[in-house]
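> Just a sequence and a predicted model for now, questions to come.
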Amino acid sequence: MAAYSLIELVFVLGVAATLASTGVAQLNATMDAIRAGSAARHVMARLQQARARAIARNRATAVRITLDGRGYALGVFEDGNGNGVTAADIRSGTDAQVGPIERIPEQFPGVDFGALPGLPGADGGVAPGANPVRVGAGSGITFTPLGTATPGSLYVLGSRQLQFVVRVYGETGRTRMLTWNPRTRAWIAR
């Protein structure tokens, strides 16, 4: 019967531990990529739901992303008086909140609205700089009963510098998700 020396056992255990740690690191990277991509798809779905609501209910519906002491908050509001969704009408309660306020990191740990330094704008748009919510003068995207929208870009950043953007095209109100490829320094459609 063959026996193993202590040195052989330590060597085998070391190889096994190295392989296991490599597998765990790869699993963590994969999970981070899934979370970041899922968060961007979630934001896109919320935008699409708001567009469908605006058309179905024949009322302007806005997705507003605001920055407060806890970070970025996403809320959906419906026009209550026919003049569009405005900050004053939201404060007064005229434009009603539809559903709860959401915070991306609470649903997708390690992910939030954000942009890598020096990131170029998606689709030739304005670079995000320090502001990952690029929607003109306001902090939200409003969908009209005709299906059109405020154009803009919402940049979503994962924990391992995984960068996504959700674009809204004004004339159609349609959304598109892109991923930043740091190797080619280009945006890729998803």
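That came through fine.
> Which strands and helices lie in contact with the longest helix seen in the chain?
For the chain, the helix with the greatest residue count under DSSP state H is helix 6-57. Applying 3 or more CB pairs under 8 Å, 6 or more residues apart in numbering; DSSP states H and E, one finds that helix 6-57 makes contact with strand 61-68, strand 71-78, helix 104-107, strand 140-143, strand 152-157, strand 163-168, strand 175-181. To be clear about C-beta, it is placed using only N, CA and C from the backbone, and glycine gets the same treatment.
> Next, format those as a markdown table and append distance to Ala189 and mean pLDDT.
Listed next are these as a markdown table, based on distance: least, CB to CB, whole Å; pLDDT from 0 to 100:
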| stretch | distance to Ala189 | mean pLDDT |
| --- | --- | --- |
| strand 61-68 | 22 | 94 |
| strand 71-78 | 23 | 96 |
| helix 104-107 | 22 | 95 |
| strand 140-143 | 20 | 94 |
| strand 152-157 | 14 | 95 |
| strand 163-168 | 10 | 96 |
| strand 175-181 | 6 | 96 |
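> Now tabulate these in JSON lines and tack on mean neighbour count and distance to Gly14.
Shown next, in JSON lines, are the helices and strands packed on helix 6-57 (neighbours: other CB atoms under 10 Å; distance: least, CB to CB, whole Å):
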{"stretch": "strand 61-68", "mean neighbour count": "20", "distance to Gly14": "48"}
{"stretch": "strand 71-78", "mean neighbour count": "19", "distance to Gly14": "43"}
{"stretch": "helix 104-107", "mean neighbour count": "16", "distance to Gly14": "37"}
{"stretch": "strand 140-143", "mean neighbour count": "25", "distance to Gly14": "54"}
{"stretch": "strand 152-157", "mean neighbour count": "26", "distance to Gly14": "37"}
{"stretch": "strand 163-168", "mean neighbour count": "24", "distance to Gly14": "37"}
{"stretch": "strand 175-181", "mean neighbour count": "18", "distance to Gly14": "36"}
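> Report the angle between the helix or strand of the chain with the lowest mean pLDDT and strand 163-168.
Between all helices and strands in the chain, the lowest mean by mean pLDDT, DSSP states H and E belongs to helix 6-57, at a mean of 82. Helix 6-57 and strand 163-168 meet at an angle of 10 degrees, taking axes from the mean of the first three to the mean of the last three CA atoms, to 10 degrees as the criterion.
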